[in-house]
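> next come a sequence and a model predicted from it.
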Amino acid sequence: MAQARYHITTPIYYVNDTPHIGHAYTSLSCDLVARWHRLAGKEVRLLTGTDEHGQKVRKAAVALGEDPQAFTDRISDNFRALVETMHCSPDDFIRTTELRHRQAVQEFWRRLRSRNQIYEGVYSGWYAVRDEAFYEEDETEVGADGIRKARASGAEVEWLEEPSYFFRLSEWQDRLLRLYEENPSFILPPTRRNEVLSFVRGGLRDLSVSRKGLDWGIPVPDDSAHVVYVWLDALVNYLAATGWPDSAQQESYEKWWPADLHMVGKDILRFHAVYWPAFLMAAELPVTHQVFGHGWLLNRGRKMSKSEGNVLRPADLVERYGLDPLRYYLIREVPFGQDGYISHDSLVTRCNAELSNGLGNLAQRSLTMVAKNLGGTAPVAEAASEIVAPLLARTAGHMEEQALHLMAEEVWSEIGAANRFFDEQAPWTLAKEGKQAELAAVLAETLERLRLFAYLLYPIMPTSCRRLLVLLGDPAADTPEGEGSFTFSALETPLPSRQLPAPKPLFARLEEEDEAESKE
């Protein structure tokens, strides 16, 4: 039986800077998954938010002469704006400076301490402020500039020796390996799973989970000289947002925990696929069902960052290309889970060929023929198109594996087939020869296929697909996703006869760069 609910989370974004297109990519991916499951008839909870504690945040605030709380208020608002800019549909936005989160973190700490999973000691090792992470000796290297850095991220590290509380991570190595073995899809894609397996099999050491002497963080219960280390702090947000541990919200917690999917960038996979399940098991709480570590969007061949000077701002790209073309391109261009390059040329080429010439042209041609030859009255198909069931099954299979690009590819293959069908049936010839029944059958089949494409592509391009549903006369155009007529089950029954509005183009062609711009 299909699951009645689905809980997906974005990572909570670190607030030391304003969001870039990489953050938008993660949020968009989660939004796509959430919208898909709503259309599949599930009750969905999509959580996002901001991670606001840690030494790096405090340093960023001080550098600007701001109080940390005022600084995080301002930057967190930028991430709220990102949600609107990318037309995402979260059900909750959590901040780690909220009271509900603070209470959850402190209760989580108490649970671990009461189960003898946290003890006092002294930390000695390499620490990267930029990553808010500790590294072993073999995870660092001295660069040509003479500065020791983390191999994985390139962040500068410093030697740190200070009193600390430790989590007994080493005790959970076998349990983690058993978790991965018994749940092969717990970590996706497979390449990321292999990386995590290699890391855990290499041996786990107890993890420092507090910092002493910092004044920006959640105090350790019964020891205010320490604050909870940023990852033990941050990860608990996923629990806190369900209402845990508030007894008054027990029903919400039981409904929404464990989460079905944590979607994260590959650079923070270890925290979610190793530390987090170990924390949960140690606290005797259910473990999340799946963690997916996606790749990076590369600009000029490098991961986007302020220090690289190659950051692309979502609002700028939306203004230039339009929201749905940008959403579509980001999902269609890069195999989801891998790193991928993005560029103006590839965006324009793909969107013009597939949106304007492919889907848009098919809609315009078929709807114009209905208006011209059938008085704007949509013909009724005798049954659902034969492609509905198999296409829904194939795309659902890809979505189970979070293969978002393959889901889109399946749909686009059928759009190509629908254009070929339209050309081969030559409805303009049928109209000229007065074969009204045959003409109506071809147009009815084409409109039903367009309706199917609108439903399947809605999670990627919600605004454009609602516009297409309006043009097709589908009542789903005015229905919240996942309700009434706007679920995939509605596709099992063709639409009745209805009067259609005048056809309008769905997508404007994007312009190539002019010569002067291309030389910049």
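Noted; the coordinates are in hand. Residues are numbered from 1 along each chain as shown.
> how about the strands in the stretch 351-500 of the chain?
377-378, 498-499 (DSSP state E, counting those that start in this stretch).
> mean pLDDT, distance to residue 123 and mean neighbour count added to these, as TSV?
The C-beta positions use only the backbone N, C-alpha and C, and glycine is treated the same way. Below are the strands of the stretch 351-500 of the chain laid out as TSV (pLDDT from 0 to 100; distance: least, Cβ to Cβ, whole Å; neighbours: other Cβ atoms under 10 Å):
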stretch	mean pLDDT	distance to residue 123	mean neighbour count
strand 377-378	98	69	18
strand 498-499	97	69	11
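> helix/strand/coil for the closest residue to residue 118 other than its chain neighbours?
The shortest distance from residue 118 to any non-neighbouring residue, by Cβ to Cβ, 6 or more residues apart in numbering, is to residue 112 (4.9 Å). Following DSSP: H, G, I helix; E, B strand; the rest coil, residue 112 is assigned to helix.
> how close does residue 41 sit to residue 5?
11 Å (Cβ to Cβ, to the nearest Å).
> hmm, I was thinking of residue 176
26 Å.
> who's more crowded, these two?
Remark: of residue 176 and residue 5, residue 176 carries more neighbours, 24 against 12, as counted by other Cβ atoms under 10 Å.
> contact partners for that one?
200, 204, 274, 277, 278 (Cβ atoms under 8 Å, 6 or more residues apart in numbering).
> determine which two of these are furthest apart.
For the contacts of residue 176, the maximum inter-member distance is 12.1 Å, found between 204 and 277 (Cβ to Cβ).
> more neighbours: which of those two?
Legend: neighbour count by other Cβ under 10 Å for residue 204 and residue 277, higher for residue 277 (22 against 19).
> hang on, isn't the more buried one packed against residue 179?
Yes: counting by Cβ atoms under 8 Å, residue 277 touches residue 179, with 6.1 Å between them.
> any shared contact partners between these two?
Contacts common to residue 277 and residue 179, judged by Cβ under 8 Å, 6+ apart, are residue 287.
> check the offset of stretch 114-130 from the chain's centre.
31 Å (Cα atoms, centre = their mean, to the nearest Å).
> quick one: buried residues of it?
Within stretch 114-130, the residues that count as buried by 16 or more other Cβ atoms under 10 Å are 117, 118, 123, 125, 126, 127, 128, 129, 130.
> swap in stretch 482-489?
In stretch 482-489, the ones that count as buried by 16+ other Cβ under 10 Å are 482, 485, 486, 487, 488.
> who's in contact with the nearest residue to the fourth one once chain neighbours are set aside?
Spatial nearest neighbour of residue 487, chain neighbours left out: residue 41 (4.9 Å); criterion: Cβ to Cβ, 6+ apart. With contacts taken as Cβ under 8 Å, 6+ apart, residue 41 has the following neighbours: 2, 482, 487, 488, 489.
> need the max-distance pair from these.
Farthest pair in the contacts of residue 41, by Cβ to Cβ: 2 and 482, 12.8 Å.
> shared neighbours of the two, which are they?
41, 42.
> still on that earlier bit, out of the contacts of residue 176, which sit inside helices?
200, 277, 278 (DSSP state H).
> what sits against the last one?
Read it as residue 278. So residue 278 contacts 167, 169, 172, 175, 176 (Cβ under 8 Å, 6+ apart).
> of the residues you listed, buried ones?
167, 169, 172, 176.
> just name the closest of those to residue 247, please.
residue 167 (25.9 Å).
> confidence score at that closest one?
Per-residue confidence (pLDDT) for residue 167: 98.
> try residue 349
Looking at residue 349, the pLDDT reads 96.
> on the three-state scheme, it is what?
Residue 349 - assigned by three-state DSSP - is helix.
> give me the neighbour count for it.
14.
> how close does it get to residue 415?
For residue 349, the distance to residue 415 - Cβ to Cβ - is 17 Å.
> need the contacts of residue 278 in CSV (columns: secondary structure and distance to residue 496).
Below are the contacts of residue 278 laid out as CSV (DSSP: H, G, I helix; E, B strand; the rest coil; distance: Cβ to Cβ, whole Å):
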residue, secondary structure, distance to residue 496
167, strand, 61
169, helix, 61
172, helix, 58
175, helix, 57
176, helix, 55
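> which of those residues sits closest to residue 76?
Of those, the one sitting nearest to residue 76 (Cβ to Cβ) turns out to be residue 167, at 27.5 Å.
> I figured residue 44 hits residue 482, correct?
Yes: taking Cβ under 8 Å as the definition, residue 44 is a contact partner of residue 482 at 7.2 Å.
> who touches both of those two?
In contact with both residue 44 and residue 482: residue 38, using Cβ under 8 Å, 6+ apart.
> list phi and psi for residue 164.
phi -160, psi 160 (degrees, to the nearest 10).
> show me where the stretch 1-150 of the chain has helices.
21-39, 55-63, 68-85, 99-114 (DSSP state H, counting those that start in this stretch).
> give me whichever of those is most buried.
helix 21-39 (a mean of 24; mean count of other Cβ atoms under 10 Å).
> report the angle between that one and helix 68-85.
60 degrees (axes from the mean of the first three to the mean of the last three Cα atoms, to 10 degrees).
> pull the distance from helix 21-39 to the chain's centre.
With Cα atoms, centre = their mean, you get 4 Å for helix 21-39.
> over to stretch 432-440?
46 Å.
> contacts for that stretch, please.
Contacts of stretch 432-440 (Cβ under 8 Å, 6+ apart): 369, 373, 374, 379, 427, 430, 431.
> buried ones in that stretch?
Buried, per 16+ other Cβ under 10 Å, within stretch 432-440: 439, 440.
> low-confidence ranges, the stretch 401-520 of the chain, go.
By pLDDT under 70, the low-scoring segments of the stretch 401-520 of the chain are 513-520.
> got it, and the stretch 51-200 of the chain?
In the stretch 51-200 of the chain (pLDDT under 70), no residue qualifies.
> regarding stretch 465-482, how distant is the last residue from the first?
Terminal residues of stretch 465-482 are spaced 15 Å apart (Cα to Cα, to the nearest Å).
> need the contact partners of it.
35, 38-39, 41-44, 363, 367, 378, 447, 450-451, 453-455, 457-458, 462, 484-486, 490, 495, 498-501, 503-504, 506.
> at 6 Å instead, please
35, 38-39, 367, 378, 447, 451, 454, 457-458, 485-486, 498, 500 (Cβ atoms under 6 Å, 6 or more residues apart in numbering).
> CSV for the residues you listed, including distance to residue 340?
As requested, the contacts of stretch 465-482 are exported to CSV (distance: Cβ to Cβ, whole Å):
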residue, distance to residue 340
35, 22
38, 27
39, 26
367, 34
378, 40
447, 35
451, 31
454, 26
457, 20
458, 23
485, 36
486, 31
498, 41
500, 39
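> which of those sits closest to residue 196?
residue 35 (28.4 Å).
> wait, that closest one touches residue 460, no?
No: contact criterion Cβ atoms under 6 Å: residue 35 and residue 460 do not qualify, at 8.4 Å.
> from residue 14, how far off is residue 90?
17 Å.
> hmm, back to that, out of the helices of the stretch 1-150 of the chain, which gets nearest to residue 162?
helix 55-63 (12.2 Å).
> tilt between the closest one and helix 68-85?
Using the same axes, to 10 degrees: helix 55-63 against helix 68-85 is 110 degrees.
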